[in-house]
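Enquirer: generate coordinates for the sequence data below:
(4 chains)
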4 protein chains.
Amino acid sequence: MASNSFGDIFRITTWGESHGKAIGVVIDGCPAGLDIDEAEINVALARRAPGKAYTTPRVETDNAEIFSGVFEGKTTGTPISIIIKNKDADSSQYATIKNLLRPGHANYTYIEKYGLFDYRGGGRASARETACRVAAGAIATKILRHYQIEIVAYIKSIGAVNATELPEALPALRTATEASPLFCPDEKACAQMRLDITAASQSGDSLGGVIEFRVEHLPAGLGDPVYEKLEANLAKAMLGLPATKGFEIGEGFHAALMQGSTHNDAFVTGQEGIRTQTNRAGGTLGGISTGMPLIGRVAFKPTSSIKKPQETVDLTGKAAVFQLPETARHDPCVAIRAVPIVEAMCALVLVDALLRNRCIRLG
Amino acid sequence: MASNSFGDIFRITTWGESHGKAIGVVIDGCPAGLDIDEAEINVALARRAPGKAYTTPRVETDNAEIFSGVFEGKTTGTPISIIIKNKDADSSQYATIKNLLRPGHANYTYIEKYGLFDYRGGGRASARETACRVAAGAIATKILRHYQIEIVAYIKSIGAVNATELPEALPALRTATEASPLFCPDEKACAQMRLDITAASQSGDSLGGVIEFRVEHLPAGLGDPVYEKLEANLAKAMLGLPATKGFEIGEGFHAALMQGSTHNDAFVTGQEGIRTQTNRAGGTLGGISTGMPLIGRVAFKPTSSIKKPQETVDLTGKAAVFQLPETARHDPCVAIRAVPIVEAMCALVLVDALLRNRCIRLG
Amino acid sequence: MASNSFGDIFRITTWGESHGKAIGVVIDGCPAGLDIDEAEINVALARRAPGKAYTTPRVETDNAEIFSGVFEGKTTGTPISIIIKNKDADSSQYATIKNLLRPGHANYTYIEKYGLFDYRGGGRASARETACRVAAGAIATKILRHYQIEIVAYIKSIGAVNATELPEALPALRTATEASPLFCPDEKACAQMRLDITAASQSGDSLGGVIEFRVEHLPAGLGDPVYEKLEANLAKAMLGLPATKGFEIGEGFHAALMQGSTHNDAFVTGQEGIRTQTNRAGGTLGGISTGMPLIGRVAFKPTSSIKKPQETVDLTGKAAVFQLPETARHDPCVAIRAVPIVEAMCALVLVDALLRNRCIRLG
Amino acid sequence: MASNSFGDIFRITTWGESHGKAIGVVIDGCPAGLDIDEAEINVALARRAPGKAYTTPRVETDNAEIFSGVFEGKTTGTPISIIIKNKDADSSQYATIKNLLRPGHANYTYIEKYGLFDYRGGGRASARETACRVAAGAIATKILRHYQIEIVAYIKSIGAVNATELPEALPALRTATEASPLFCPDEKACAQMRLDITAASQSGDSLGGVIEFRVEHLPAGLGDPVYEKLEANLAKAMLGLPATKGFEIGEGFHAALMQGSTHNDAFVTGQEGIRTQTNRAGGTLGGISTGMPLIGRVAFKPTSSIKKPQETVDLTGKAAVFQLPETARHDPCVAIRAVPIVEAMCALVLVDALLRNRCIRLG
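Expert: This is a model prediction of the structure:
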């Protein structure tokens, strides 16, 4: 029921509005004995921050502070409370637009639902909340690495430009992704994406994009039939992110165009035991991990906040024009900054599945 | 945690294997006072049954029996237990293949997870389980109708053939869908789909497809930020269905190709109050329903069970050929029978969101 | 939310009314690979049945049938559905009292809550539901025994008569309990209890009682601070049983009369490592098991159904006299039959805590 | 699963150790539109603080700060994060005892469970955590008052002294309770309690006690059969509090000494409709509120921290003497400060039951 929590065993609860004093996350169910410090979390937060090209110019050097659950450098099994102060919180600019419905935004639906809305910077509906997911994801990622599980996400497409030249090995894929100003491991595609983003930005417009993720060394057996399938929880995790419109695993929507004989992955015995020759399934069968790489994609709509004037109505229904304040932040393609967030959500789903999986056989 | 349950307030728990004595569902949290009888549930089950062309020839006239929770024709607020007996359960045909890993199937992952597997007809991993979802969905649908909310799902594509000529109004869309042997409201597309299915079937192969759903008269305000967004729960519901590989809402993956100025829906004031001029969002903003039609799509892979021989290994890892028994059921396109199941999952998500929504304001 | 479910990992969902076709339980989360058969469950059900002296004469040889989740004698990790048919279901006797509020019963509150009530034999509020707890408890008990954990419950008092001469060792305590027609291991007290029950029964009245439970070989470390303490979950389990009015652990209410210096248990080092010299705490500290025996008590009110006429009103508020039909079942002391139910609830709480506890440290 | 959360719809998650930087609570599911400010919460916290006689001398003027979920003085429906800084956190005094098992305390069980323990002042196991319950309870109480529901808790007994002269009307009961330095509405009993506490304190010892709570104007129909009965959730709430050993409702353990004819409450029709003539049940039947006052009691053990030296062992099992540092806080009777905490837990259970209850009938 609690709609600001995610996960069952490794469970996070986030709080905070974009223009409040702070945002934060409480992690309940993190195993005891894990080495953790604030610096590691801040490294993860920095990847999401706008140091990267083409993202919002808001100065937002996020600094996570751990308030509980860690003692002498180790997790204790008690809740880990992480708080990130909000720094840049001048909300006067929102005065002129506070009574207007923002196209593509949630202020209309929040008002319909709750009867009121914290209009400053998107309030709870702001992507600011995702910093908390990244902070929690940093801890989840560390647990996964304890078990050698590695995740990488990257830009697969922006607008019509696709990244097609991707390193095959995960470490190389990660290196190429980190080297890119757009988290896009295909250098050539990235160059074109930059041109397109510049053009969109200059015309006061925005672009959509697709993020792909890849997980390796995931053991077989994770995911719980029939309603807690691994891909079902990944789908929920991703569609819970702001601006997402679709999720797919393996061949995804393309699978609908294939035939059984060309889609099924044949089982073979290799050096490391049983595996599948191909991996069109994307790493699961029947909702349970196969041990093959877990691969999926998430579609992001173009940023809803654009500089162009837009037709709308005010709270009373009267026609109006919505024009973003000159000084407002503007991010021509939200998909870019979402790359570390997709990684974080992946990590949260997987660490939960991993811990759950300890309970299914007699010890 | 309980992985065989779905929903929070209107919560279903399903049980049963495809070749056990029966399958069943317990519905906890159905409001009291709803008129319900077994006939209504059986009508829903019949839509999923293989009376429709091109689906598995298994004779399976499902008959739901209500064992509790209904007294003198009305729900009492106590758990509703529905049981559907399994009729056609000769499992001897599985003897020859019980030690082989089935390409595209879950027996490998179940064995990896649990250490053993009920190999008869797919056991718990069989699509047989979805009959329980349809039975529960029939009750959920009835509650939604009490509030004038209507759902229709239909085949949007099979293989490369798309349904493009769709009636706009929901009642007409439903009528056309019901009239079609493939649940496809575009008659012309349907004719081509039939040819393609026949061809695939004759070559011992199978086809994938995409189902679209549309919900009307949904009030604004359903869905709970930030982790229980309406589309997040729909995504989880759909990716929890067998053979699904993707989910999208509104423009979905196509939104990634659009610009903010062409994707954002302008707010306007019409006769029924505030609405959006277009509905590219697909009925939600910020994870909360807008009051516009809710529209999404689900991708199904081609049926994994094909007549063609396939390379595989046995449980010990030795190479083998998997060949479906001659008498085994064969369904050349699982997407078709999944249409009522997608409707059912939609209904379950929506009734839960509707009931949840009663708790968010002071009364 | 789902109010007919209990437990998180080993989760049961029960359904069924006392005069419906059947009652049943679905167990989700039972580990795979456990040997289980119906006979074991029926042995547990027989202990709850009225073969014991002084309990209701209803002929009710319960027969549990397993419908799913067990394959070739072993649990598969999928939901275990157990169904128990109702045999003795003549409900015509309830016609004369169906519009009267029954003192001490739930028909008033059900009608206030749901607007209607299945008046036959108590409907869902009947103690009949507890047979499902016993069936599930039989499986939970088997898992606990896999880990050498043993539970015994017994009558500690009936009315003013206390059992004071109790064997110390758990096996002897169990033997004496099983030998007693009242599940009371103190033979002398038992004799007096029988006289008192006979007297109460003859005057058309009923008696209350207290059940004590004792668990041995429970490992230290079970129970989760701060809201899922072991005793908190036991308290919820017990107060969820019909007719219960109180729960206590260790010294319980008597602890309120003690001083810190006489209540605290000193830690000592014995042959089996660290333990406490005394066990006034009753087996937990800070909500987590200490490894010492877990000991608690549950108070049961006198049976609400008595033969004496009672003042009441009907559904319209008009004064009336409630008189149980001559043929109605009558159980002069519900505490007696509740002994196996208390054991079952104990087992359900403990197996859940045991499975949960696998997730709290890095593996 | 998340063991630091309580409640389903109105759900709190607490975090923080007694000697960390701060403690806090996140409330998810508070209805939107409630007027709330920090001052109201601080009034509630002050009642729990050691201004009252005979409680720990730690200077701890708790100051709650709201970090989210409230905008322009009203709740917005988003999570409310409340943080209380820890002020008096010199933990050097714990250096000498950090390797000793503390009798009656949780450090042994935490170490057994998690492998490590934040030994400073009890860490997470400290009663310090209950300040968060009181903060959340203040908001829950405000919601209940919106519906005219009132709660009062008070000391019923300390050691052998019972409060027997209690005002009958709830407002008078509350006034007398607030006037007492021990939250005990019976002035005469209170005087004797003070003498006993002083005596215990002077001898370096501690006393136990019993708290009684009373709720009025609760509508009939709250509580959900069969596992979420109102008293079951109250029992869990109370046994989750530190130092509690028992819970009872209505006549409680005394009911076990009664007969059906003397325990059953007769239904009568009064000016306000149907009610029961007596209220031995304590306000529920079948786990659902009757509309009569809800009455229960909670037993607290004597404070485990005493000044007297106690036998124990260290972490290696070597015999030692545990002696509380001279400067350590000492609270001769924890029951006293627990009065507002019991009220808070009551409020949390009831507001959750109230919100749940909106979903059980068709609207």
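Enquirer: so where's chain A shaky on pLDDT?
Expert: Confidence mapping of chain A against pLDDT under 70 gives the ranges A:50-60, A:88-90, A:329.
Enquirer: please name the residues that touch A:Gly208.
Expert: Contacts for A:Gly208 (CB atoms under 8 Å, 6 or more residues apart in numbering or on different chains) come out as A:158-159, A:299-302, A:333, A:335, B:255-259, B:263. All C-beta atoms are positioned from the backbone trio N, CA, C, and that covers glycine.
Enquirer: state whether A:Leu355 is indeed within a helix.
Expert: Yes - A:Leu355 forms part of a helix when assessed by DSSP: H, G, I helix; E, B strand; the rest coil.
Enquirer: how about the contacts made by it?
Expert: Residues in contact with A:Leu355 (CB under 8 Å, 6+ apart) are A:Ile9, A:Phe10, A:Gly29, A:Pro31, C:Cys359.
Enquirer: all helices for the stretch 101-250 of chain A, in order.
Expert: With DSSP state H, counting those that start in this stretch as the criterion, the stretch 101-250 of chain A has helices at A:107-114, A:130-146, A:170-179, A:187-202, A:230-239.
Enquirer: which of those helices sits most buried?
Expert: With neighbours defined as mean count of other CB atoms under 10 Å in any protein chain shown, those peak in mean count at helix A:230-239, which reaches a mean of 29.
Enquirer: can I get it as CSV, trimmed to CA atoms?
Expert: Listed next in CSV are the C-alpha coordinates belonging to helix A:230-239 (Å, rounded to 0.1, in the frame of the first residue of the first chain):
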residue,chain,number,x,y,z
LEU,A,230,11.9,-10.8,-12.4
GLU,A,231,10.8,-8.9,-15.5
ALA,A,232,7.5,-7.9,-13.9
ASN,A,233,9.4,-6.3,-11.0
LEU,A,234,11.8,-4.6,-13.5
ALA,A,235,8.9,-3.3,-15.5
LYS,A,236,7.3,-1.9,-12.4
ALA,A,237,10.5,-0.3,-11.3
MET,A,238,11.1,1.3,-14.7
LEU,A,239,7.5,2.5,-15.3
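Enquirer: which parts of chain A sit against chain C?
Expert: A:1, A:9, A:29, A:31-34, A:77-78, A:143, A:146-147, A:225, A:355-356, A:358-363 (CB under 8 Å from any CB of the partner chain).
Enquirer: try it again at 6 Å.
Expert: A:1, A:9, A:31-33, A:77, A:146, A:355, A:358-362 (CB under 6 Å from any CB of the partner chain).
Enquirer: excluding chain neighbours, what is closest to the residue lying farthest from the centre of chain A?
Expert: The outermost residue of chain A, judged against the average C-alpha position, is A:Lys318 (36.1 Å), by CA atoms, centre = their mean. Nearest residue to A:Lys318 in three dimensions, chain neighbours excluded: B:Thr269, at 7.4 Å (CB to CB, 6 or more residues apart in numbering or on different chains).
Enquirer: buried residues, the helix or strand containing the one you found. List them.
Expert: Mapping B:Thr269 onto the secondary structure by DSSP states H and E places it in strand B:267-270. Neighbour counts over strand B:267-270 (16 or more other CB atoms under 10 Å in any protein chain shown) mark B:Phe267, B:Val268 as buried.
Enquirer: sorry, back to before: so which of the residues of chain A next to chain C are in helices?
Expert: Mapping the residues of chain A next to chain C onto helices (DSSP state H) picks out A:His146, A:Leu355.
Enquirer: just the closest of the residues of chain A next to chain C to chain B, please.
Expert: Of all these, chain B sits closest to A:Met1, with 5.1 Å by CB to the nearest CB.
Enquirer: that closest one and D:Gly7 touch, don't they?
Expert: No - contact status for A:Met1 versus D:Gly7: not in contact, 8.8 Å apart, counting by CB atoms under 6 Å.
Enquirer: now do the shared contacts for those two.
Expert: With contacts defined as CB atoms under 6 Å, 6 or more residues apart in numbering or on different chains, no residue is shared by A:Met1 and D:Gly7.
Enquirer: neighbour count: the two, which is higher?
Expert: Neighbour count, other CB atoms under 10 Å in any protein chain shown: between A:Met1 and D:Gly7, D:Gly7 has more, with 25 against 21.
Enquirer: tell me who's in contact with that one.
Expert: When contacts are counted by CB under 6 Å, 6+ apart, D:Gly7 is found next to D:Leu348, D:Asp352.
Enquirer: against chain B, how distant is it?
Expert: With distances taken as CB to the nearest CB, to the nearest Å, D:Gly7 is found 12 Å from chain B.
Enquirer: could you give the number of residues near A:Thr327?
Expert: Residues near A:Thr327, counting by other CB under 10 Å, number 10.
Enquirer: host element of it?
Expert: Using DSSP H and E, A:Thr327 maps to neither a helix nor a strand.
Enquirer: grab the nearest non-local neighbour of it.
Expert: Excluding its sequence neighbours, the residue lying closest to A:Thr327 (CB to CB, 6+ apart) is A:Gln93, at 5.6 Å.
Enquirer: would you mind measuring from the one you found to C:Ala64?
Expert: Distance, A:Gln93 to C:Ala64, using CB to CB, to the nearest Å: 67 Å.
Enquirer: same drill for the two, tell me which one is more crowded.
Expert: Between A:Gln93 and C:Ala64, counting by other CB under 10 Å, C:Ala64 is the more crowded of the two (24 against 15).
Enquirer: so how far is A:Gln93 from the closest residue in space to A:Pro242 that isn't next to it in sequence?
Expert: Using CB to CB, 6+ apart and skipping residues adjacent in sequence, the residue nearest A:Pro242 is A:Ala127, 4.8 Å away. As defined by CB to CB, A:Ala127 lies at a distance of 17 Å from A:Gln93.
Enquirer: how far out from the middle of the chain is stretch A:67-83?
Expert: Relative to its parent chain, stretch A:67-83 has a centroid offset of 24 Å by CA atoms, centre = their mean, to the nearest Å.
Enquirer: number of nearby residues for whichever residue of the stretch 201-350 of chain A sits closest to chain D?
Expert: The nearest approach of the stretch 201-350 of chain A to chain D comes at A:Glu228, 12.6 Å away (CB to the nearest CB). Burial of A:Glu228, expressed as a neighbour count using other CB under 10 Å, amounts to 23.
Enquirer: and the closest residue to it other than its chain neighbours, helix, strand or coil?
Expert: Leaving aside its sequence neighbours, A:Glu228 sits nearest to B:Ser3 (CB to CB, 6+ apart; 3.8 Å). Using three-state DSSP, the structure places B:Ser3 in coil.
Enquirer: distance of A:Asp314 from D:Thr130?
Expert: For A:Asp314, the distance to D:Thr130 (CB to CB) stands at 47 Å.
Enquirer: what does A:Gly209 give?
Expert: Distance, A:Gly209 to D:Thr130, by CB to CB: 48 Å.
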